[in-house]
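Sequence and computational prediction follow.
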Amino acid sequence: MHTVIVLGGGFALLLACLLLGHAWGGMPGAVMGGRVFIPLWLVLAGVNLWVGTTHGYTVAQELPIFLGIFAVPAVIAGLVSWKLA
């Protein structure tokens, strides 16, 4: 359940980045918002990995979850930025 909540937060952050970028710069701003999202999401997914490892899980157990949590929204952000460019 935690993974679903974190993924939902990732999609909400992606939407916020796209909308803020569009509000400040039109369509090129939305593309930039999608590109800014990816490193921001990498940091936040890394924080989630760190929290998991400090609560009893090993890095080997958390790494597949981290990859999924990071990759799914990041790939969608890349595709959206590519389509809008």
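That came through fine.

The top helix by length along the chain - contacts with which helices or strands?
The helix that spans the most residues within the chain, counting by DSSP state H, is helix 2-54. Contacting helix 2-54 under the criterion 3 or more Cβ pairs under 8 Å, 6 or more residues apart in numbering; DSSP states H and E are the following elements: helix 59-84. (Glycine included, C-beta is placed from N, CA and C.)

buried ones in the helix it packs on?
When neighbours are counted by 16 or more other Cβ atoms under 10 Å, the buried residues of helix 59-84 are found to be 62, 65-66, 69-70, 73-74, 77, 80-81, 84.

could you check the angle helix 2-54 makes with that helix?
Taking axes from the mean of the first three to the mean of the last three Cα atoms, to 10 degrees, one finds helix 59-84 and helix 2-54 inclined to each other by 130 degrees.

Could you tell me the average pLDDT over helix 59-84, please?
The pLDDT scores in helix 59-84 average 96.

thinking again about what came up before, what is the nearest of the buried residues of helix 59-84 to Gly34?
Proximity of the buried residues of helix 59-84 to Gly34, judged by Cβ to Cβ, is greatest for Ser81, which lies at 3.5 Å.

Near the residue nearest to the closest one when sequence neighbours are not counted, how many other residues are there?
Taking Cβ to Cβ, 6 or more residues apart in numbering as the measure, Ser81 lies nearest to Gly34, with 3.5 Å between them; neighbours along the chain are not counted. For Gly34, the count of nearby residues is 24 (other Cβ atoms under 10 Å).
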